[in-house]
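# Pasted the sequence and its predicted model underneath.
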Amino acid sequence: MSATVTFGKDLTGLEQLSAEQIKTILDVAEPFKEISERPIKKVPVLRGKTIVNLFYEPSTRTRVSFEFAEKRLSADTVNISATGSSVVKGENLVDTARNLEAMRIDMVVMRHGSSGAAQFLADRIPSNVINAGDGQHEHPTQALLDMLTIRDHRERIAGRKVCIVGDILHSRVARSNIYGLLKLGAEVAVCGPRTLIPHGIEDLGVQVFKRIEEAIEWADVLNVLRLQLERMKAGYIPSLREYNRFFGISMARLERAPHDILILHPGPMNRGVEIDSHVADGPHSVILQQVTNGVAVRMAVLYLLAGGQPERAELAKRERGS
Amino acid sequence: MSRPILLKGGRVIDPSQQLDAVRDLLIVDGRVAGASDRPPDGTAVIDCAGLVVAPGLVDLHVHLREPGDEHKETIASGARAAAAGGFTSVCAMPNTRPPIDDPAAVGFVRAEGERAGFARVYPVGAVSVQLAGEEMTEIGELVAAGAIAVSDDGRPVWDSGLLRRTLEYIQTFEIPYFSHSEDLGLSAGGVMNEGPVSTSLGLRGIPAAAEDAAVARDCAIAELTGGHLHILHVSTRGAVRLIRAARERGVRVTAEVTPHHLALTDEAVRGYRTEAKMNPPLRSAADVQAVRDGLVEDVIDCIATDHAPHHYEDKEREFDDAPFGVIGLETALAVCIREMVTSGRMTLPELIDRMSCRPARIAGLAAGTLSEGSAADVMICDPEERWVCEPEKFLSLSRNTPFAGQELLGRVALTLVGGRPVFDRGGRVAAAAAEKS
């Protein structure tokens, strides 16, 4: 691991990161995995740091994962959700952030419904900003944990064929995965109904499969996205039943694959829509390991943005809280 | 009556008379005097050597926000900003709060414009009551009160039946219909041009087809009715192609393009810059090329700013939530000189034609000429002056420009309306007057 890799103030997306920076985050996540396996899951790496988890959209998994990561690094955390805060009283994002800043915080982890919100905030406050999902733009820590999971099972990312399946149009997970995987040398494809594939996606360097059978034949890894019920109401697909029939990942489809396929899903799953239960709970699936890796990756990001040295991560985790 | 003014030794460019020569221009009683007339005693002599003297610019498309949003702009502040940009006539769109959909409202805009005394302000009346797209306004009454065109700008007239009746009905009053051509079904939810940039930013796209589809429909209805269709803010290559084809068939369609659509692509949105958010949105490089060519080849008749002021706090927010619109009155001339003249696409007289004579003709305004006896609406500029766009120095109440910090070429020195100085950057008129007295 190179000692020269440094990080900026914020993590707003993977588009701005270099391959070296992404690799460093994944490498630093490795030693942090072990902390969560201990009886006392705490190291003093971020002791005295104050982190605000600012969630403008409902999220259980990502928020809890960040909170565990923060607490296992001994940071003090506050959670703010859109309901029950000044957000609903009409305070704008900049004022909310400045008020938090005035209370002398160190980091903000933000989930927001508007693309670009994380950058907007990062440009206006001196604290570190970590994007926990902004609109349809990026969800960098999700893509990092996806890549860590692929690496765990397939040794390396470079040369792997990864197909992202489903609602690419509205997906921040898809964009972050595309940027990250391409930087690490993977081949990337997307597959879904054409109504849910954005125009110009090929310009990002990915190929498009119209039919799931072709995608399965090509891919080493399928990252299956959640299909939101709202997409049917908005007329992007006629019905969930039809979606499952033409794009759902079933055992029957996987069994016809020419090689072993790894199945990822960022959750929460709609069983029987984009993924069948036999697949989700079956031998191809690494979905729960993604959740476990999520904590380690977020610890790595927090550690690095707080100024931690990549090469000292192994030492840092040996320290004991007092 | 203002005192006589002699604009001495400037390069007088008047496309309405195919005039481009160094000569003096005498203004007496607010009107352009004859070439042989002698300056009366007490004439203020303004040295215009090295400057261009041209008809005041005419903008068919501005939003002055009054009544209803006076914190963004007022008729007076907008007309003053216009004067600073060399504009002597501006056409104010009716999508204010309340909208300009009855004769009293038209009269209010006119009266406020006259009271302010900067650029002349011509009201555009609404096509439909409350801009709701349902019931036609009393268009005849609006014209009698001073409206020079009708439009529901900000929105298309989506009901094709109403559009047909409008394009028929306006023929009695010999006014154009100003069309915001947009297919709302295709643009729904979009905040920027649909393409690789919107995909990478994760922002909802407005496809070029939203404009093309609407322009095709509008041209078909103009062809059916014979009414004068003027297409606002053309931004796509498809629209240029459709307008070209319609004109070749003899359809009565005219068109305008904004300085920002001539100058910028959707790359300007990167970084979620809300000052580059407007509707229609900044398009691809191929579209920019097409609208430039369309202007040069006379498919697009004129340049109009779509000056759309917004308050700082409305733009200082998440991209999805920020309003559409940019201001343009104080940068239009310089941006167009850079994009069209410095680049060699047009001559300066051709550009002035597209910013004064041609738009005046579209709206039937007695403007855009320095011929003898016409009202002395004059723009005097230094086409070689370099300056940096500093929004905090604008006379507009708003600052939402995508050109902030850019170096621009060509700057207005003096603007006269009816022979009266309404903008005087260097204090030339005051100095000349002091010399005489």
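Everything's here; your move.
# a strand runs through B:Gln171, doesn't it?
No - using DSSP: H, G, I helix; E, B strand; the rest coil, the assignment for B:Gln171 is helix, not a strand.
# Mind pulling up the pLDDT for it?
The model reports B:Gln171 with a pLDDT of 98.
# so what's the residue nearest to it when sequence neighbours are not counted up against?
If the residues on either side of it in the chain are set aside, B:Gln171 comes closest to B:Gly227, at 5.7 Å by CB to CB, 6 or more residues apart in numbering or on different chains. In short, each C-beta sits where N, CA and C put it, glycine included. Shown in contact with B:Gly227 (CB atoms under 8 Å, 6 or more residues apart in numbering or on different chains): B:Thr166, B:Leu167, B:Glu168, B:Ile170, B:Gln171, B:Tyr177, B:Arg252.
# what about 10 Å?
B:Gly227 makes contacts with B:163-171, B:175-177, B:221, B:251-253, as judged by CB atoms under 10 Å, 6 or more residues apart in numbering or on different chains.
# Make a ChimeraX selection of the buried ones in those.
Typed into ChimeraX, the line below selects the buried ones among those, using 16 or more other CB atoms under 10 Å in any protein chain shown:
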select /B:163,164,165,166,167,169,170,175,176,177,221,251,252,253
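# out of the contacts of B:Gly227, who's nearest chain A?
For these, the minimum distance to chain A (CB to the nearest CB) is 26.0 Å, reached by B:Leu163.
# Assign a three-state SS to the residue nearest to B:Gln171, would you?
Going by three-state DSSP: B:Gly227 is coil.
# How about the secondary structure of the most centrally placed residue in chain A?
A centroid search over chain A (CA atoms, centre = their mean) returns A:Gln142, at 0.8 Å, as the residue closest to the centre. Under three-state DSSP, A:Gln142 falls in the helix class.
# isn't it right next to A:Val173, touching?
Yes - contact criterion CB atoms under 10 Å: A:Gln142 and A:Val173 qualify, at 5.1 Å.
# what is in contact with those two at once?
Common contact partners of A:Gln142 and A:Val173 (CB under 10 Å, 6+ apart): A:Gly133, A:Asn223, A:Pro266.
# Quick check: of these, which has the highest neighbour count?
A:Asn223 (28 neighbours; other CB atoms under 10 Å in any protein chain shown).
# My guess is it contacts A:Leu262. True?
Yes - contact status for A:Asn223 versus A:Leu262: in contact at 9.1 Å, counting by CB under 10 Å.
# what is in contact with the two at once?
Residues within reach of A:Asn223 and of A:Leu262 at once, by CB under 10 Å, 6+ apart, are A:Thr149, A:Ile150, A:Val162.
# Sitting in helices, which of the residues you listed do you find?
A:Thr149, A:Ile150 (DSSP state H).
# Neighbour count and pLDDT for the shared contacts of A:Asn223 and A:Leu262 - can I get that in a markdown table?
Shown next, in a markdown table, are these (neighbours: other CB atoms under 10 Å in any protein chain shown; pLDDT from 0 to 100):
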| residue | neighbour count | pLDDT |
| --- | --- | --- |
| A:Thr149 | 23 | 98 |
| A:Ile150 | 27 | 98 |
| A:Val162 | 26 | 98 |
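# got TSV for the shared contacts of A:Asn223 and A:Leu262, with distance to chain B too?
Output for the shared contacts of A:Asn223 and A:Leu262, formatted as TSV (distance: CB to the nearest CB, whole Å):
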residue	distance to chain B
A:Thr149	23
A:Ile150	23
A:Val162	18
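# ok, so what distance separates the residue of the stretch 251-400 of chain B found nearest chain A from A:Arg61?
Chain A sits closest to B:Tyr272 of the stretch 251-400 of chain B, with a gap of 3.3 Å, by CB to the nearest CB. Distance, B:Tyr272 to A:Arg61, using CB to CB, to the nearest Å: 26 Å.
# Give the residue from the two that has the larger number of neighbours.
The neighbour count for B:Tyr272 versus A:Arg61, taken as other CB under 10 Å, is higher for B:Tyr272 (26 against 14).
# how deep is the closest residue to the more buried one other than its chain neighbours tucked in, by neighbour count?
When the adjacent residues along the chain are set aside, B:Tyr272 lies closest to A:Gly116, with 3.3 Å between them (CB to CB, 6+ apart). Close neighbours of A:Gly116, defined as other CB under 10 Å, add up to 28.
# Any stretches of chain B with poor pLDDT?
B:1, B:436-437 (pLDDT under 70).
# for chain A, what are the nearby residues on chain B?
With CB under 10 Å from any CB of the partner chain as the criterion, chain B comes near chain A at residues B:188-189, B:191-192, B:194-205, B:207, B:269-274, B:284, B:313, B:316-322.
# Going through the residues you listed, which ones are buried?
Buried members of the residues of chain B next to chain A, counted by 16+ other CB under 10 Å: B:191-192, B:194-205, B:207, B:269, B:272, B:274, B:284, B:316-320, B:322.
# distance of B:Gly227 from B:Arg164?
Per CB to CB, B:Gly227 is found 9 Å from B:Arg164.
# cool, and B:Cys381?
Separation of B:Cys381 from B:Arg164 (CB to CB): 43 Å.
# Regarding chain A, what is its longest helix?
Counting residues, the longest helix found in chain A (DSSP H) is helix A:287-305.
# Now flag whichever of the shared contacts of A:Asn223 and A:Leu262 is closest to B:Leu19.
Of all these, B:Leu19 sits closest to A:Val162, with 67.1 Å by CB to CB.
# Just the ones in helices from the buried ones among the residues of chain B next to chain A, please.
Among these, the members found in helices (DSSP H) are B:Pro196, B:Val197, B:Ser198, B:Thr199, B:Ser200, B:Leu201.
# wouldn't A:Leu100 be in contact with A:Thr50 here?
Yes - applying CB under 10 Å as the test, A:Leu100 and A:Thr50 come out as touching, 9.3 Å apart.
# tell me, what's touching the two both at once?
With CB under 10 Å, 6+ apart, A:Leu100 and A:Thr50 have common neighbours A:Val78, A:Val108, A:Ser127.
# Which single one of those is nearest to B:Val150?
Nearest to B:Val150 out of these is A:Val108 (CB to CB; 49.7 Å).
# Quickly find the element holding that closest one.
Assigned by DSSP states H and E, A:Val108 belongs to strand A:107-112.
# And the helices in the stretch 151-300 of chain B?
Per DSSP state H, counting those that start in this stretch, the stretch 151-300 of chain B carries helices over the ranges B:160-169, B:184-187, B:196-201, B:208-225, B:237-248, B:259-263, B:285-296.
# Looking at those helices, which one is packed in the most?
Each of the helices of the stretch 151-300 of chain B was scored by mean neighbour count; the highest is helix B:259-263, a mean of 24, by mean count of other CB atoms under 10 Å in any protein chain shown.
# Determine the set of other helices and strands touching that helix.
Packing contacts for helix B:259-263, counted by 3 or more CB pairs under 10 Å, 6 or more residues apart in numbering or on different chains; DSSP states H and E, involve helix B:285-296, strand B:302-303, helix B:332-336.
# cutoff 7 Å now
Helix B:259-263 sits against helix B:285-296, helix B:332-336, with contacts defined as 3 or more CB pairs under 7 Å, 6 or more residues apart in numbering or on different chains; DSSP states H and E.
# ok, now which ones touch B:Pro281?
Residues near B:Pro281 by CB atoms under 7 Å, 6 or more residues apart in numbering or on different chains: B:Met192, B:Asn193, B:Ile206, B:Asp266.
# I'd like to know which of these are buried.
Buried members of the contacts of B:Pro281, scored by 16+ other CB under 10 Å, are B:Met192, B:Asn193, B:Ile206, B:Asp266.
# What segments of the stretch 1-150 of chain A are helices?
Along the stretch 1-150 of chain A, counting by DSSP H, counting those that start in this stretch, helices occupy A:19-33, A:61-72, A:93-102, A:117-122, A:140-154.
# repeat for the stretch 301-437 of chain B
Taking DSSP H, counting those that start in this stretch as the criterion, the stretch 301-437 of chain B contains helices spanning B:312-315, B:332-336, B:348-352, B:358-363, B:428-436.
# quick one: which of these is nearest B:Val109?
Comparing these by CB to CB, helix B:358-363 comes nearest, at 14.6 Å.
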